Structures are given as C-alpha cells and as structure tokens.
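A.B. asks: Give me a 3D structure for the following:
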Amino acid sequence: MAEKKYKVLLLNGSPHPKGCVARAFDELEDTLRKLDIDTERIEVGTPAIRGCISCNYCRQHGKCVFNDLVNETAPKFAEADALVVGTPTYYAGGNGQLLAFLDRLFYSTASTVNKTMKIGAAVVSSRRAGSTSAFDEINKYFTISAMPIASSTYWNEVHGFTAQDVEADLEGLQTMRNLGRNIAWLCRAIGQLRATDGIPPQERSQFTSFHTEG
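C.D. replies: Model (predicted):
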C-alpha cells in the first residue's frame, strides 16, 4: 500500500506577500517539499477580512455568514494534516486581520472540521521584539482545539524589517528548516497511529458557565 501523502496548509497573515513571513515560509516549504510533504500557501493579510459578529449562523449552516476567504479556506483546513500560521508582530501581537480570520475560521468549523491531532505551528517575524507574545497568541488557537503544536530549536521566528534582512538571520532560517523536519515527522507519526488506532475521543458534554439570576 502506498504511503499516504501528507499536506501542510500555510496561512500568511502579513499584508506583504513577499515580506519577512513569506521568506520564512519559503525556507519552511522548501524543507517540507524535500521530505515529500505537499504544501499550499494562502495570503490572509491582503484581502478585506471582517471579524466575527457572534451571530451563530455557522452553528446552523456549517459555514460563516460572511462568504469570503474564511469559507474558501475551511475545506482546505479540513483536508490538511497540519496548519502553519504566520504573522508579523504589531504592538507585540499578531496582525489584527489575521486574528479576525482565525477567530472566524476556528469558530465556524467547530462542527465541520475535526481538528483533533491536526498539527499546528505558529511562525512570527519581528524587527526586534514582541514576537514571543504574538507567538503565544497564535498558539492558543491550537491548544483549545486538541491540536499538537510543532516546535523547533528556537521559537518559530525570524527577525528583520525586510525579506532581505531575514536572509541574514541564519538562525531564524535554521529554525524554519528544523520546524519543517519536525512537522514532517509528526505528520507521519500521527498519520500511522491514526490509521491503526484512530484519534483520541474528546469529551464535550460538560460546559461550565457561571452566571447570576437577575
């Protein structure tokens, strides 16, 4: 039997399609492809993306009420074995447009995309600082969704103001290559166990909600 072909979906949350995040993704994708992992990159930082309005349309219809890039990405998210989210650092956080996209993507696919054991990885870029809090911000989407996080030999980040600056961040590029190898390994390890044992069941019956009667 032929080995399953694994796929990694990459979301570039930068408004600069050829900026620092893109350069980090280039290094990551090159490593993944050399390891026979398919990749697809989606530019999230350029189209107009509005935030969630908590209307719960998705709970009844299985998709977001705003029919834009979020709904286009959802089936690709479902098919992918891993999701990599890249963001520049703005005021020690991720790009607001990307965060709005992630809020809607993760919430609207609650009943349509089984995220359990789907690998997640955050990649951030910054000129100097603030990247670790942006890194933490993205990782929270994974930890609330039973998604194991792929790490590297340093935080998954590159430094620079332009893509050319990132070329000089040799450790950052090294971190991306190691991240690619780790994602590929996790894809195969989780995929093999999924084929024999399935995925761990997730309890969802309890929902703690504190409120006062008024």
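A.B. asks: how far is the helix ranked longest in the chain from where the chain is centred?
C.D. replies: For the chain, the longest helix by residue count, based on DSSP state H, is helix 170-197. In terms of CA atoms, centre = their mean, to the nearest Å, the centre of helix 170-197 is set 14 Å apart from its chain centre.
A.B. asks: now for that helix, which elements pack on it?
C.D. replies: When contacts are defined as 3 or more CB pairs under 8 Å, 6 or more residues apart in numbering; DSSP states H and E, helix 170-197 sits against helix 20-34, strand 82-88, strand 119-126, strand 157-159, helix 163-167. C-beta: built from backbone N, CA, C; applies to glycine.
A.B. asks: ok, 6 Å please
C.D. replies: helix 20-34 (3 or more CB pairs under 6 Å, 6 or more residues apart in numbering; DSSP states H and E).
A.B. asks: Direction included, what does whichever helix or strand comes after the helix it packs on pair against?
C.D. replies: Following helix 20-34 in sequence order, the next helix or strand is strand 38-43 (DSSP states H and E). In the sheet, strand 38-43 lines up against strand 7-12 (parallel) (DSSP bridges).
A.B. asks: Show me the shaky parts of this protein.
C.D. replies: Where the chain drops to pLDDT under 70, the residues are 1-2, 212-214.
A.B. asks: try 80
C.D. replies: When residues are selected by pLDDT under 80, those of the chain lie in 1-3, 210-214.
A.B. asks: Report the buried residues of the longest helix of the chain.
C.D. replies: Neighbour counts using 16 or more other CB atoms under 10 Å place 172-173, 175-184, 186-188, 190 of helix 170-197 among the buried residues.
A.B. asks: Measure how that helix sits relative to strand 82-88, angle-wise.
C.D. replies: Put simply, helix 170-197 runs at 150 degrees to strand 82-88, going by axes from the mean of the first three to the mean of the last three CA atoms, to 10 degrees.
A.B. asks: sorry, back to before: between the buried residues of helix 170-197, which is nearest residue 69?
C.D. replies: Proximity of the buried residues of helix 170-197 to residue 69 (CB to CB) peaks at residue 183, which lies at 23.2 Å.
A.B. asks: Identify the spatial nearest neighbour of the closest one, chain neighbours not counted.
C.D. replies: Excluding its sequence neighbours, the residue lying closest to residue 183 (CB to CB, 6 or more residues apart in numbering) is residue 150, at 4.7 Å.
A.B. asks: No further queries at this time; thank you.
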